[in-house]
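In: Okay, sequence plus prediction incoming.
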Amino acid sequence: MSKKEPSYPLKALDKSLAILEILFQENSPLSIAELSKRLGIYPSTIHRILDTLRYWEYVEQDSHTQRYQLGLKVLELGMAKLHGMELAKEAASYLKELQNQSNETVHLAILEEGEVLYLDKEESSQSIRMVSKVGRRVPAHCTGLGKVLLAYLDQEEQEKVIKEKGLSRFTENTITNKKKLREELSKVREQGFAEDREEHEKDVRCLAAPIKDHRGTVIAAVSLSAPAFRMNASRKRKLKKTLIQAGEAISKRLGYNRTRGTTSVC
């Protein structure tokens, strides 16, 4: 399949990506002069681009040779993409089953740069349902998925996310106090699930449960979202049980052994 030319190309971005592409193809450090010759770009321009890429950790410079190579950030992005694809693939059938059992919208998400990133979803067939999109990012502090993903971070990582992202108010129910949020996250760990009580969107409630990998580390979360009028106490208890079972089933699929709390060799 041929690539379509961008409608609104940005020259600086094109040059930056061309540099990364050359470094990837060569798989060895290159100097500014070598990159300039290969790409036909002035050395001064190459230098400015590399300086920015180095700041963002997409390239590294050898202090002795002054040559450049790809940085760890590129590897992180590649692994994140691969991880997300594999996770969504392994969880797909369980998401579908959960949606069939509940007839509510189901989401699979991870924590990406302090925000909730939707990896996959199964849409409810009901006329009134939550509107969302795979690839969308939403805040962590006021969503069920986000609370689960925050709850299982260590305290230092939690504080970092809160400091960088803040606790913006979206509805009258949004938790905007750090102490109350910490108490909420502690409760999530104790009970094994999280709730969004119309904290991100008015009239929308959500239940979320953790997904663990073979090491027992929470790497993702699964949720059920529904209009508040369909999430009464009786139905919430039923959905909570079904949701937690789905999270445990996906975790087991990923190698988590609940009885040992560690790994299961598949």
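Out: Looks like it came in fine. Numbering: from 1, shown residues only.

In: which stretches of the stretch 151-266 of the chain form helices?
Out: Assigned by DSSP state H, counting those that start in this stretch, the helices in the stretch 151-266 of the chain fall at 155-165, 178-191, 233-253.

In: as a whole number, average confidence for stretch 179-194?
Out: Averaging pLDDT along stretch 179-194 yields 95.

In: Go through stretch 67-76 and flag the buried ones.
Out: Residues of stretch 67-76 classed as buried by neighbour count (16 or more other CB atoms under 10 Å): 67, 68, 69, 70, 71, 74. Every residue, glycine included, has its C-beta placed from N, CA and C.

In: Looking at whichever strand or helix holds residue 150 now, give me its mean pLDDT.
Out: Under the criterion DSSP states H and E, the helix or strand holding residue 150 is helix 144-151. Averaging pLDDT along helix 144-151 gives 96.

In: what packs against that helix?
Out: Under the contact criterion of 3 or more CB pairs under 8 Å, 6 or more residues apart in numbering; DSSP states H and E, the helices and strands touching helix 144-151 comprise strand 105-112, strand 115-122, helix 178-191, strand 194-197, strand 204-212, strand 218-227.

In: so which of those comes closest to residue 250?
Out: Each of the helices and strands packed on helix 144-151 has some distance to residue 250 by CB to CB; the shortest is strand 204-212, at 5.0 Å.

In: how far does that closest one sit from the chain's center?
Out: 14 Å (CA atoms, centre = their mean, to the nearest Å).

In: Which positions within it qualify as buried?
Out: Under the neighbour-count criterion of 16+ other CB under 10 Å, strand 204-212 has 204, 205, 206, 207, 208, 209, 210, 211, 212 buried.

In: tell me the angle it makes with helix 178-191.
Out: Between strand 204-212 and helix 178-191, the angle comes out at 60 degrees (axes from the mean of the first three to the mean of the last three CA atoms, to 10 degrees).

In: Strand 204-212 - contacts with which helices or strands?
Out: In terms of contacts (3+ CB pairs under 8 Å, 6+ apart), strand 204-212 is packed against helix 144-151, strand 194-197, strand 218-227, helix 233-253.

In: Tell me the one of the buried residues of strand 204-212 nearest residue 12?
Out: residue 211 (39.3 Å).
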